[in-house]
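Colleague: my questions are about this predicted structure, shown below with the sequence.
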Amino acid sequence: MSNETIITVSPHVLPTLPYVDNALAPVISAKIISFHYGKHHKGYVDNLNKLITGTKFADMPLEKIITETAGKAGKTAIFNNAAQAWNHAFYWLSLKPKGGGVPPSTLKKKIDASFGTLDACKKEWSEAAMAQFGSGWAWLVLDGDNIKVVKTTNADLPLTKGIKPLLTIDVWEHAYYLDYQNRRADYVNAVLNNLINWGFAEDNLGS
Ligand SMILES: [Fe+2]
């Protein structure tokens, strides 16, 4: 991973949003950002710090806390808050103002090799986002030499399966409900067409 902003040690801090709060409008409003970043993301970071104070996890980087607690009985709360802190930092970097469009050439070639076309990739990704029942995440990942779409439930993430995430879309209702109500497909397609940060994915390919 090249995104060193995510690798933090205790006390974990809420990473700075990589753009101003209205920069993603009208696709994602400043009102959503104020709750999603300012309340939900901050809440995961604050809860994590409370849960790990005085434990063996207190001085671990976020990624290590996640891999050490995944699937472990009695560690669910730490895992959920650590994973959600990581997922949200990665999500903000997966978006950018005036995103979308055509990926950089190296990534585009890999997408074409894996899916046939960029449109086929976006279609599969959008369908995965819709098929995720309840809360979760829809990811573009690098698995071996192939680019794939995977979905995860609640706080789960590809890192626990040894798969490298390239981009993610948050499909928890808190990510879109204020702007889109139950129209998750409209939110996902608007993100894919207007905000997705293909350059971040290309950076992640080589890291
Ligand atoms: Fe979220």
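Modeller: Ah, there it is. Numbering: from 1, shown residues only.
Colleague: C-alpha from now on. contacts and neighbour counts both.
Modeller: Fine.
Colleague: check which helix or strand covers the residue most central in space within the chain.
Modeller: For the chain, the residue nearest the mean C-alpha position is Y91 (3.3 Å; Cα atoms, centre = their mean). Of the helices and strands defined by DSSP states H and E, Y91 is found in helix 76-94.
Colleague: kindly report the same for A25.
Modeller: Per DSSP H and E, there is no helix or strand for A25.
Colleague: give me the distance between it and L95.
Modeller: Per Cα to Cα, to the nearest Å, A25 is found 12 Å from L95.
Colleague: so between these two, which is more surrounded?
Modeller: L95 (25 against 14; other Cα atoms under 10 Å).
Colleague: quick one, grab the pLDDT at the more buried one.
Modeller: Note on L95: pLDDT of 98.
Colleague: that one bridge partners, please.
Modeller: Partner residues in beta bridges with L95, using DSSP bridges, are I196.
Colleague: before we move on, what about T152?
Modeller: Beta-bridge pairing for T152 (DSSP bridges): W137.
Colleague: before we move on, back to that, mind listing what's buried along the helix holding Y91?
Modeller: Neighbour-count burial for helix 76-94, counted by 16 or more other Cα atoms under 10 Å, picks out 78-94.
Colleague: for it, packing partners?
Modeller: Using 3 or more Cα pairs under 8 Å, 6 or more residues apart in numbering; DSSP states H and E as the contact test, the elements touching helix 76-94 are helix 42-52, helix 62-69, strand 164-170, helix 198-205.
Colleague: nearest to D119, out of these?
Modeller: Nearest to D119 among those is helix 198-205; the distance by Cα to Cα comes to 13.8 Å.
Colleague: what are the buried residues along the closest one?
Modeller: Residues of helix 198-205 classed as buried under the neighbour-count rule (16+ other Cα under 10 Å) are W198, G199, F200, A201, E202, N204, L205.
Colleague: pull that helix out as PDB, backbone CA atoms only.
Modeller: In PDB, the C-alpha atoms belonging to helix 198-205 read as follows (Å, rounded to 0.1, in the frame of the first residue of the first chain):
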ATOM      1  CA  TRP A 198      -8.600   5.600 -11.000                       C
ATOM      2  CA  GLY A 199      -5.200   7.200 -10.300                       C
ATOM      3  CA  PHE A 200      -5.300   5.900  -6.700                       C
ATOM      4  CA  ALA A 201      -6.000   2.400  -8.000                       C
ATOM      5  CA  GLU A 202      -3.000   2.600 -10.400                       C
ATOM      6  CA  ASP A 203      -0.800   3.800  -7.500                       C
ATOM      7  CA  ASN A 204      -2.000   0.800  -5.500                       C
ATOM      8  CA  LEU A 205      -1.200  -1.700  -8.300                       C
END
